[in-house]
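Undergrad: Below are the sequence and a predicted model; questions follow.
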Amino acid sequence: MHIIIVEDDAVIRQELKTLLENALYKVTALEEFTAVASFVLELSPAADLVLLDLNLPDVSGFDICTTIRSKSEIPIIFVTSRTDSMDELTGILKGGDDYITKPFQAPILLARIAAVLKRTHRGSFKEVTKYTCRGVELDIAKGTVCHKEEQMELSKNELKILHLLFQRKGEIVSRADMIEYLWDNQVFIDDNTLSVNMTRIRGKLEKIGVSDLIETKRGMGYRI
Amino acid sequence: MRIMEYIRDKILLLVLHGLCMLLMAGFLYATGYGKAYCMLILIFWILILMLWLGCGYLSRKRYFQALEATLEKMDQRYLLGELMPVSHRLEDRLYREMIRMSNKSVIERIRQIEDEQKEYREYIESWVHEIKAPITSIDLMCENFRGRECRDFRIQQDVDSQLYESMADTTIDIPRRIRLENQKIENYVDMALYYARSDEVYKDYVIRKTDLEETAIVVLKRNKHYLIQNQVQAEVDCKDIVYTDQKWITFILNQLVLNSTKYRRTNGARIWIYTEKHGHGVRMIVKDNGVGIRSEELGRIFEKGFTGSNGRKTERSTGMGLYLCKKLCGKLGIVLWADSKELKGTKIILDFPISNYLCHHSSYEEYPCGHQRDWLQLRH
């Protein structure tokens, strides 16, 4: 997935690039804004998404968007520090796919990018719904965990915790990271509740015959 | 203006007339006129004087009544000079000229202050937009730093746990702590922006179908660092849909969540955000199990600058948050009120109106600016 960043603030541009590269996107950050639209249109193979700032030196993001839209259906997300409702409306009316105001939080930006990409590439995207590790299978769609023939239903919170651990197999996931991940996924719990959930997960895993899947690193976190 | 007042005002003139009458009567009597003649002259004199005074009184009375009526009808009373009824009297004309001059300077002064205020407000708005760029950069830097350095570090298999713990205190947690502070800055900056805008809400809102569940989730996610650090749990259950401005309601909700966190209990703090149907409208409730508000202070929490005993006890409180919320709710047609028991918790309740117009025409999901006022007027 190739994303083009159009942002005039050098620091934000650099950090956005790093952020998106860490999220495994291919990133081009423009530093000249005189011919953004033609650059985007002439790029081949075409990029998959444009992150467009509204306040650029000499040109307006709206104009760029209009020019791009006249020839291409490439997804455009506006990123701006303007919080005016009218600006947002204009952005959407000019053909923007989403409108994010600064300061945004990285997970939210990534989620919105993913959502727009998913919408435009319907079908070509395949979400992973099954993870396996040492004979234990986690099925996100069904919300279950299986080992050999045995199966166990998981609650929403337990599923999300296991999902995170399976995604970062081999890494130590700190409790703080875990809680933040859960908050990003609509589970607003505190440290104590996390402990309770971890104990429950361990209990459920033991019932299906898995005893040492989750390793506790004292003072550091958990690891599968 | 009453007749007695008018006569009292003319007392000098009357005394002068009285004296003249005495002198005249004395003089005539001394020069040999009969008593009857003197009396007749005096009576005529008095009659003419009374007639003159009466006419004067009536014309003055009519003039001032007209003036008062104009003043009564006027929206901006300092514009009186321009609308004063025309009078042929010299004094009236002089006064009118002076009042006009004085009013002119008042108007100029008001214009000047309005301009200054507008400039200042615009400056605050542009400043807020500028400050958001560095805030964004800091946040992204922290996110990237965490992604880069810490993950590398953590992947190493045989890290000594004690070493890690000391690292966790220093290096690894620093980005998180910076982001927490950064989030606070963002909240304060937002408050300044919304305060600057609060008088001109009508210029910047779009009433549309708003999913309160989504709004609540956005607010909680936004403040996750602060809430997690303070060991707060939250639950969201907002199934109802309302018609309001998303951005303003997000700001209001943000303030309420921050308040609930600020005045939390030490152990097991929780926040519930939920909605329920209420008459024709929807009611949104932000409930916490925090320290609560004293009953004698409950009525004053929405006042500007009110901090109360809680505000002084815990973190610094500006007394602006709830005041702003109340003000904005007023502009959006939301009724905001609170219910609280000291030491048990607080409920902040937002009553959203649902107008019949919108109920019958629910196919219109979004309203461009022009319709907002109609909508607000409908419910008043």
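TA: All right, it came through fine.
Undergrad: residue ranges with poor pLDDT in chain B?
TA: B:147-172, B:202, B:314-315, B:354-380 (pLDDT under 70).
Undergrad: so where do the strands sit in the chain?
TA: By default, I'm working from chain A. Per DSSP state E, chain A carries strands over the ranges A:2-6, A:26-30, A:49-53, A:76-80, A:98-101, A:130-133, A:136-139, A:144-147, A:150-153, A:215-217, A:221-223.
Undergrad: oops, I was thinking of chain B
TA: Remark: strands assigned in chain B by DSSP E are B:207-211, B:232-237, B:241-245, B:269-278, B:281-288, B:335-341, B:345-352.
Undergrad: Give me the contact list for stretch A:149-161.
TA: A:138, A:140, A:143-146, A:162, A:178, A:181-182, A:185, A:187, A:189, A:193-194, A:197-198, A:200-201, A:204-205, A:207-209 (CB atoms under 8 Å, 6 or more residues apart in numbering or on different chains). Quick note: C-beta positions are derived from backbone N, CA and C, even for glycine.
Undergrad: With stretch B:183-197 instead?
TA: So stretch B:183-197 is contacted by A:83, A:103, B:121, B:124-125, B:128, B:131-132, B:135, B:203-204, B:222-223, B:225-226, B:248, B:251, B:254-255, B:258, B:320-321, B:324, B:328 (CB under 8 Å, 6+ apart).
Undergrad: how does chain B divide into domains?
TA: B:3-102, B:108-196, B:206-379 (automatic domain parsing).
Undergrad: meant to ask about chain A, not that
TA: Split by automatic domain parsing, chain A gives A:2-120, A:130-223.
Undergrad: Compute the mean per-residue pLDDT across the longest one, please.
TA: This means domain A:2-120. If you average the pLDDT over domain A:2-120, you get 85.
Undergrad: Could you tell me the end-to-end distance of that domain?
TA: 13 Å (CA to CA, to the nearest Å).
Undergrad: ok, now how distant is A:Glu32 from chain B?
TA: Using CB to the nearest CB, to the nearest Å, one gets 19 Å for the distance from A:Glu32 to chain B.
Undergrad: May I see the strands of chain A organised as JSON lines, with mean neighbour count added?
TA: Below are those laid out as JSON lines (neighbours: other CB atoms under 10 Å in any protein chain shown):
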{"stretch": "strand A:2-6", "mean neighbour count": "21"}
{"stretch": "strand A:26-30", "mean neighbour count": "16"}
{"stretch": "strand A:49-53", "mean neighbour count": "24"}
{"stretch": "strand A:76-80", "mean neighbour count": "23"}
{"stretch": "strand A:98-101", "mean neighbour count": "19"}
{"stretch": "strand A:130-133", "mean neighbour count": "14"}
{"stretch": "strand A:136-139", "mean neighbour count": "18"}
{"stretch": "strand A:144-147", "mean neighbour count": "19"}
{"stretch": "strand A:150-153", "mean neighbour count": "13"}
{"stretch": "strand A:215-217", "mean neighbour count": "12"}
{"stretch": "strand A:221-223", "mean neighbour count": "20"}
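Undergrad: I'd like the ones you listed laid out as CSV, including distance to B:Gly32.
TA: CSV is the format used below for the strands of chain A (distance: least, CB to CB, whole Å):
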stretch, distance to B:Gly32
strand A:2-6, 115
strand A:26-30, 119
strand A:49-53, 110
strand A:76-80, 106
strand A:98-101, 105
strand A:130-133, 137
strand A:136-139, 136
strand A:144-147, 137
strand A:150-153, 134
strand A:215-217, 135
strand A:221-223, 130
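Undergrad: hang on, the earlier thing: of all the domains of chain B, which lies closest to A:Glu15?
TA: Of all those, domain B:108-196 sits nearest to A:Glu15, with 3.6 Å by CB to CB.
Undergrad: what number of residues lie near residue 17?
TA: In the absence of a named chain, this looks at chain A. A:Lys17 has 19 neighbours, counted by other CB atoms under 10 Å in any protein chain shown.
Undergrad: looking at chain B here, not the other one
TA: Neighbour tally, B:His17, other CB under 10 Å: 15.
Undergrad: And it, how close does it get to B:Arg8?
TA: 15 Å (CB to CB, to the nearest Å).
Undergrad: Which residues does stretch B:320-330 contact?
TA: B:191, B:194-195, B:198, B:201, B:248, B:251-252, B:255-256, B:258-259, B:301-306, B:335-336, B:350.
Undergrad: Could you tell me which of those residues count as buried?
TA: B:191, B:194-195, B:201, B:248, B:251-252, B:255-256, B:258-259, B:301-302, B:306, B:336, B:350 (16 or more other CB atoms under 10 Å in any protein chain shown).
Undergrad: among the residues you listed, which are in helices?
TA: B:191, B:194-195, B:248, B:251-252, B:255-256, B:258-259 (DSSP state H).
Undergrad: just curious, which of the residues you listed is nearest to B:Val218?
TA: Distances from B:Val218 to these, taken by CB to CB, are shortest for B:Phe251, at 11.1 Å.
Undergrad: Could you check how far the closest one is from A:Phe188?
TA: 20 Å.
Undergrad: A:Glu171 now?
TA: A:Glu171 is 24 Å from A:Phe188, by CB to CB.
Undergrad: same deal with B:Ser295?
TA: 30 Å.
Undergrad: again, but for B:Asp288
TA: Distance from B:Asp288 to A:Phe188, by CB to CB: 13 Å.
Undergrad: Out of those two, name the residue with the larger neighbour count.
TA: B:Asp288 (28 against 24).
Undergrad: Report the spatially nearest residue to that one, omitting neighbours in sequence.
TA: Counting by CB to CB, 6 or more residues apart in numbering or on different chains, B:Ser260 is the residue found nearest to B:Asp288 once chain neighbours are left out, at 3.8 Å.
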